[in-house]
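[1] Structure of the sequence below:
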Amino acid sequence: MQPLIDHARAHGRNPERFAPHAAGQSPHTLFITCSDSRVVPSLITGARPGELFELRTAGNIVPPTTTGHPTSEAATIEYAVDVLGVQDIVVCGHSHCGAVGALVRGDDLTAVPAVRDWLAHAAHQPAPEDADPDDPEVARAVQQHVLTQLLRLRSYPCVSRRLTAGQLRMHGWYYEVHTGAVQAHHAATDTFTAL
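    Got it, this is the predicted structure:
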């Protein structure tokens, strides 16, 4: 913890660097990814402060949209799309994902009921038939999971409206934590290939 404290102390020593941020934010991209500590959107993309609006959830899950029970995820998506007017949404899954791995393996999660109930949002899409439960990367399953989350996003009214108007683009990415490589989904071929 001490290195984090030391950095935080040094971080604010040049307030003039940060003063322009007080005027507001205008991010161009909503970046939805996993809470995994090895996945750092600004490092992956090179984004500067103010360029990405981030939504991080266990397993980069986008829950179903519901009108009766607002969620922080739905509020984040709606704010990014309707208020901030982002032009792009990236859903970025990653290799060695514990959440997707647990789903593929069918792990017993009764000891962690909040995790179990959260992952139930993702269970509607079965793992690909060729997904290997013993593969620590769970690449194919994660990639399919990313596509499921993109499909789920389309059911959000704010996203649907902007897509229909041609004012929003969506992207599926797969990040390899062991190499740093990023692959993007290409709808024409239904494949993930290097950026």
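[2] Mind jotting down where the helices sit in the chain?
    Chain-ordered helices for the chain, with DSSP state H as the definition, fall at 2-11, 41-45, 72-78, 98-105, 113-119, 139-154, 157-164.
[3] In CSV: these, plus mean neighbour count.
    For glycine as for every other residue, the C-beta is placed from the backbone atoms N, C-alpha and C. Written out in CSV, the entries for those read as follows (neighbours: other Cβ atoms under 10 Å):
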stretch, mean neighbour count
helix 2-11, 9
helix 41-45, 15
helix 72-78, 16
helix 98-105, 21
helix 113-119, 14
helix 139-154, 21
helix 157-164, 16
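[4] of all the ones you listed, which lies closest to Q183?
    Closest of those to Q183 is helix 139-154, at 7.9 Å (criterion: Cβ to Cβ).
[5] Who are the packing partners of that closest one?
    Other elements packing on helix 139-154 under the criterion 3 or more Cβ pairs under 8 Å, 6 or more residues apart in numbering; DSSP states H and E are strand 88-94, helix 98-105, helix 157-164, strand 169-175, strand 182-186.
[6] Redo the ones you listed as TSV? Include mean pLDDT and distance to E54.
    Formatted as TSV, the entries for those read as follows, by pLDDT from 0 to 100; distance: least, Cβ to Cβ, whole Å:
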stretch	mean pLDDT	distance to E54
strand 88-94	98	10
helix 98-105	91	17
helix 157-164	97	17
strand 169-175	98	14
strand 182-186	97	16
